[in-house]
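Trainee: here is the input, now give the coordinates:
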Amino acid sequence: MKYKSNNNIVYSCKYHVVFCPKYRRKVLNNGVDERLKELINNICQKLHVDLIEM
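Mentor: Numbering: from 1, shown residues only. Okay, the predicted model is just below:
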């Protein structure tokens with residue numbers, strides 16, 4: 001993890017994202033979950049973001 005600093009502080013910004021489909025239906029099946037993981041990894045690489053856990 002990289003830390004950022006300002007005049008008097010040092011910080012590391014992290015986000016927690018939760019995917020919750022409408023009515024809690026099971027939509028991540030039949031290969032959709034693998035494709036979603038690929039897309040998320042590609043976007044993280046383009047934005048130079050560290051993905052901690054999926």
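Trainee: in this structure, which spans are strands?
Mentor: For the chain, strands defined by DSSP state E occupy the ranges 4-5, 10-11.
Trainee: which of those strands has the lowest average pLDDT?
Mentor: Among the strands of the chain, strand 4-5 carries the lowest mean pLDDT, a mean of 88.
Trainee: and the contacts of that strand?
Mentor: Here strand 4-5 makes contact (C-beta atoms under 8 Å, 6 or more residues apart in numbering) with 10-13. Glycine gets a C-beta too; all of them are placed from N, C-alpha and C.
Trainee: rewinding a little: now the strands of the chain as a markdown table including distance to N42?
Mentor: Shown next, in a markdown table, are the strands of the chain (distance: least, C-beta to C-beta, whole Å):
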| stretch | distance to N42 |
| --- | --- |
| strand 4-5 | 25 |
| strand 10-11 | 27 |
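Trainee: gap between V17 and N30?
Mentor: V17 is 23 Å from N30, where distance means C-beta to C-beta, to the nearest Å.
Trainee: ok so, going back, for the contacts of strand 4-5, give me CSV that also has neighbour count.
Mentor: Converted to CSV, the contacts of strand 4-5 look like this (neighbours: other C-beta atoms under 10 Å):
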residue, neighbour count
V10, 8
Y11, 9
S12, 8
C13, 8
